[in-house]
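Asks: Sequence isn't available, so here's the structure alone:
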């Protein structure tokens with residue numbers, strides 16, 4: 001008989017118990033054969049005492065879990081167990097079980113015990129053990145009551161699978177997700193995670209329909225822009241977004257997006273669509289949004305299709321930085337550059353620029369009124385500069401009330417004002433002077449004390465003449481009126 005057939009015969013003739021022992025010993029996973037009969041005896045006693053809910057019973061006193069654990073007897077373990085727990089032999093392992101099963105082990109042990117209490121012949125739990133050297137082991141514990149031992153639980157086979165690397169990887173992923181979530185949630189700028197896949201389908205459909213010039217297409221079909229705007233799906237927003245848009249929670253904000261993105265937002269969104277049409281997947285621009293309280297929010301928008309989602313645009317990150325304060329500061333600086341702070345009228349810089357613009361573009365005729373505030377020097381000398389400033393503010397109120405765009409009034413000196421009336425002839429200029437005088441009379445009725453009055457001169461510049469010449473004529477006429485005004489003031493000199 002060939003040697004290999006002889007060996008096969010020997011294997012067939014070998015007792016089955018020997019095979020089982022060898023398989024147990026050489027199994028590549030940690031195996032424990034344990035006796036749970038002491039646990040079963042405790043169960044029987046507690047049931048006799050009327051215990052029905054073991055989990056609640058354990059919750060009252062965790063020492064009962066330890067009592068069960070102490071009743072479990074280890075019969076034998078395999079080689080893999082000794083290696084996994086760094087034990088020289090079974091005695092070394094069993095003598096130090098308190099070092100192996102400790103800390104939170106009892107809490108997870110409850111799950112195993114409850115499964116056995118409910119009559120199951122197997123249990124599964126995830127827990128933490130320790131090697132005799134103190135190294136932490138994340139383990140998956142699976143136990144089966146051997147057939148024929150269900151009544152006494154005196155033979156339970158337990159497999160302890162080392163899942164430390166797997167759990168470590170899972171924890172690292174969870175920590176990474178927690179870290180990323182923390183960065184998102186607590187970012188100092190407003191972050192929006194959005195799905196633009198429906199917008200992409202609309203753009204692809206327009207391209208398939210033969211649209212080449214998307215800018216012209218959206219000029220002709222503004223409703224397409226509106227539809228794209230409605231197809232944006234907001235997936236998530238962070239905490240700063242809720243604070244910035246004065247939203248109590250995400251649900252409220254997402255339900256009222258039409259109050260956030262409206263009015264002046266539409267042309268900005270159209271520009272965003274044009275960039276997307278041209279495959280610009282990262283964009284930044286300044287746009288206008290609104291808080292849920294209706295306040296304007298000027299924001300710097302950064303839009304990015306996230307890597308790996310370029311084909312569908314189904315994951316987009318939008319970052320909004322609130323630049324409202326900066327915009328207000330810029331607007332105020334611009335206001336200061338063209339306005340007189342005291343009277344709120346235009347200043348000399350604006351007046352010079354507007355003269356040059358009218359000189360080039362008209363519309364003609366242009367009528368110029370030069371006005372001088374009477375008695376400012378006397379008020380400053382007698383009542384102080386605060387009273388003089390109050391008189392100047394009143395002059396600004398009157399001229400601002402009298403004029404509407406495209407007419408402008410500018411303070412061009414201490415008490416000097418210029419009024420520019422494009423597309424206005426002599427009759428229009430005369431009517432404006434009458435209006436100003438009427439408003440001055442009305443103003444004096446409401447303000448006691450110093451009397452407000454202007455000396456004014458008017459000249460009209462027709463097409464082809466120099467506006468500067470009209471300014472000089474108006475100035476001369478204003479000074480003639482001023483001299484007449486002071487001549488009627490008991491011989492006072494025409495000091496301003």
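Replies: Right, received. Where do you want to start? Model, not experiment: these values are computed from the prediction. Residues are numbered from 1 along each chain as shown.
Asks: can we go C-alpha only for contacts and neighbour counts from here?
Replies: Noted.
Asks: chain center to stretch 479-492, what's the gap?
Replies: 66 Å (Cα atoms, centre = their mean, to the nearest Å).
Asks: Return the mean pLDDT over it, rounded to an integer.
Replies: Stretch 479-492 shows an average pLDDT of 81 in the prediction.
Asks: What are the buried residues along that stretch?
Replies: 479, 481-483, 485-486 (16 or more other Cα atoms under 10 Å).
Asks: and which of the residues you listed is nearest to residue 45?
Replies: Set against residue 45, the nearest of these by Cα to Cα is residue 482 (117.2 Å).
Asks: Backbone dihedrals for the closest residue to the closest one other than its chain neighbours, please?
Replies: Among residues not flanking residue 482 along the chain, residue 455 sits closest, at 5.2 Å (Cα to Cα, 6 or more residues apart in numbering). Dihedral pair for residue 455: phi -100, psi 130, per degrees, to the nearest 10.
Asks: Would you check how far apart residue 455 and residue 374 are?
Replies: Applying Cα to Cα, to the nearest Å, the value for residue 455 to residue 374 is 7 Å.
Asks: Now for these two: what residues contact both?
Replies: Common contact partners of residue 455 and residue 374 (Cα atoms under 8 Å, 6 or more residues apart in numbering): residue 482.
Asks: So for the two, which sits in the more crowded spot?
Replies: residue 374 (22 against 19; other Cα atoms under 10 Å).
Asks: Hmm, the more buried one is touching residue 478, no?
Replies: No - if you go by Cα atoms under 8 Å, residue 374 and residue 478 don't touch, sitting 11.2 Å apart.
Asks: Now the common contact residues for the two.
Replies: Between them, residue 374 and residue 478 share these contacting residues under Cα under 8 Å, 6+ apart: residue 455.
Asks: circling back to that earlier point, I'd like to know how far the residue nearest to residue 482 sits from residue 211.
Replies: 64 Å.
Asks: cool, residue 446 as well?
Replies: 65 Å.
Asks: out of those two, which sits in the busier spot?
Replies: residue 211 (14 against 8).
Asks: Spit out the contact partners of that one.
Replies: Here residue 211 is in contact with residue 217 (Cα under 8 Å, 6+ apart).
Asks: repeat that with 6 Å
Replies: Neighbouring residues of residue 211 by Cα atoms under 6 Å, 6 or more residues apart in numbering: there are none.
Asks: just residue 223 next, same as before
Replies: Listed by Cα under 6 Å, 6+ apart, the contact set of residue 223 is empty.
Asks: Report the separation between it and residue 99.
Replies: 72 Å.
Asks: Return the backbone torsion pair for residue 76.
Replies: Dihedral angles for residue 76 - degrees, to the nearest 10 - are phi -160, psi 160.
Asks: Tell me what it is bridged to.
Replies: Beta-bridge pairing for residue 76 (DSSP bridges): residue 33.
Asks: residue boundaries of the helices in the stretch 301-450 of the chain?
Replies: 324-338, 348-361, 376-383, 385-402, 426-446 (DSSP state H, counting those that start in this stretch).
Asks: Dump these to CSV, plus distance to residue 263 and mean pLDDT.
Replies: Output for the helices of the stretch 301-450 of the chain, formatted as CSV (distance: least, Cα to Cα, whole Å; pLDDT from 0 to 100):
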stretch, distance to residue 263, mean pLDDT
helix 324-338, 17, 86
helix 348-361, 30, 94
helix 376-383, 46, 92
helix 385-402, 29, 95
helix 426-446, 36, 95
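Asks: Report the beta-bridge partners for the residue nearest the centre of the chain.
Replies: The centroid of the chain falls nearest to residue 190 when counting by Cα atoms, centre = their mean (2.0 Å). Judged by DSSP bridges, the bridge partners of residue 190 are residue 320.
Asks: And for the one 4 residues further on?
Replies: With DSSP bridges applied, the residues forming beta bridges to residue 194 are residue 234, residue 316.
Asks: Let me know whether it touches residue 316 as I believe.
Replies: Yes - counting by Cα atoms under 6 Å, residue 194 does reach residue 316; the two are 5.0 Å apart.
Asks: ok so, going back, how about the residue nearest to residue 482, what does it touch?
Replies: Counting by Cα under 6 Å, 6+ apart, the residues that residue 455 touches are 371-372, 478, 481-482.
Asks: From residue 373, how far out is it?
Replies: Taken as Cα to Cα, the span from residue 455 to residue 373 is 7 Å.
Asks: Next, the contact list for the closest residue to residue 467 other than its chain neighbours, please.
Replies: Nearest residue to residue 467, sequence neighbours excluded (Cα to Cα, 6+ apart): residue 461, at 5.7 Å. Residue 461 makes contacts with 365-366, 467, 470, as judged by Cα under 6 Å, 6+ apart.
Asks: Let's see that with 7 Å instead.
Replies: Listed by Cα atoms under 7 Å, 6 or more residues apart in numbering, the contact partners of residue 461 are 365-367, 467, 470.
Asks: shaky segments in this structure?
Replies: 1-18, 104, 490-496 (pLDDT under 70).
Asks: Would you map out the domains in it?
Replies: 18-164, 186-328, 339-487 (automatic domain parsing).
Asks: Out of those domains, indicate the one that is most buried.
Replies: domain 339-487 (a mean of 18; mean count of other Cα atoms under 10 Å).
Asks: follow-up on the earlier one: let me have the domains of the chain in JSON lines, extended by distance to residue 171.
Replies: JSON lines is the format used below for the domains of the chain (distance: least, Cα to Cα, whole Å):
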{"stretch": "domain 18-164", "distance to residue 171": "10"}
{"stretch": "domain 186-328", "distance to residue 171": "22"}
{"stretch": "domain 339-487", "distance to residue 171": "62"}
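Asks: those strands in the protein, which residues are they?
Replies: 30-35, 73-77, 122-130, 136-145, 156-162, 190-195, 233-237, 282-290, 296-305, 316-322, 366-373, 408-411, 416-421, 454-461 (DSSP state E).
Asks: Could you point out which of these sits nearest residue 351?
Replies: Between those, strand 408-411 lies closest to residue 351; by Cα to Cα that is 6.2 Å.
Asks: and for that closest one, what are the contacting residues?
Replies: 340, 345-348, 351, 399, 417-420.
Asks: can you give me the helices in the stretch 151-300 of the chain?
Replies: 164-185, 197-208, 214-220, 222-230, 239-244, 250-255, 257-260, 265-277.
Asks: And residue 239, how close does it get to residue 186?
Replies: 6 Å.
Asks: likewise residue 43?
Replies: 51 Å.
Asks: Likewise for residue 353?
Replies: For residue 353, the distance to residue 186 - Cα to Cα - is 48 Å.
Asks: How about residue 298?
Replies: Taking Cα to Cα, one finds residue 298 at 21 Å from residue 186.
Asks: Could you do residue 178 as well?
Replies: On the measure of Cα to Cα, residue 178 and residue 186 end up 12 Å apart.
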